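S.K.: Need a 3D model of the sequence below.
(one chain, ligands or ions: 1)
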Amino acid sequence: MTKAQSLKIKQLSKILKAVRERCLDCSAYSPYEVKMCVMPQCSLYPYRFGTLNSKEENPLVKSTKQSKRDSSVEERE
Ligand code: SF4
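M.R.: Residues are numbered from 1 along each chain as shown. Take a look at the predicted model:
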């Protein structure tokens, strides 16, 4: 890894920490409230856990995979 790449990773890490801090501030410093955020239209939403991994989805919003599963179960019934 080059020095420039290392610097970029450090900067990204700082930005993600700042996003996490902002989300906690927005949610009265409750990590649970950040997890349960109901504002998917917020630009910080995908990064609210302080990571780039956006696989964690809002449990209140059904994923398309879950919707397909539900509809296939309904069709069988
Ligand atoms: S993603 Fe949710 S918790 Fe984070 S700033 Fe936006 S509205 Fe607030």
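
S.K.: tell me which residues of stretch 31-45 are tucked away?
M.R.: V34, C37, Y45 (16 or more other C-beta atoms under 10 Å). Every C-beta, even on glycine, is put in place using the N, C-alpha and C of the backbone.

S.K.: ok, longest helix in this structure?
M.R.: What stands out as the longest helix in the chain, according to DSSP state H, is helix 3-26.

S.K.: Show me what that helix packs onto, helices and strands only.
M.R.: Judged by 3 or more C-beta pairs under 8 Å, 6 or more residues apart in numbering; DSSP states H and E, the packing partners of helix 3-26 are helix 31-35.

S.K.: Return the list of helices and strands in contact with the helix it packs on.
M.R.: Using 3+ C-beta pairs under 8 Å, 6+ apart, helix 31-35 sits against helix 3-26.

S.K.: Report the mean per-residue pLDDT for the helix it packs on.
M.R.: In this model, helix 3-26 has a mean pLDDT of 95.

S.K.: and it, is it in reach of the ligand?
M.R.: Yes - if you take C-beta under 6 Å from any ligand atom as the test, helix 3-26 does meet the ligand, through R22, C23, C26.

S.K.: Of those, keep whichever come out buried.
M.R.: By 16+ other C-beta under 10 Å, the residues of helix 3-26 next to the ligand give C23, C26 as buried.

S.K.: Including distance to S13, could the residues of helix 3-26 next to the ligand go into JSON lines?
M.R.: As requested, those are exported to JSON lines (distance: C-beta to C-beta, whole Å):
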{"residue": "R22", "distance to S13": "15"}
{"residue": "C23", "distance to S13": "16"}
{"residue": "C26", "distance to S13": "20"}
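
S.K.: sorry, back to before: for the buried residues of stretch 31-45, which one is nearest S13?
M.R.: V34 (18.2 Å; C-beta to C-beta).
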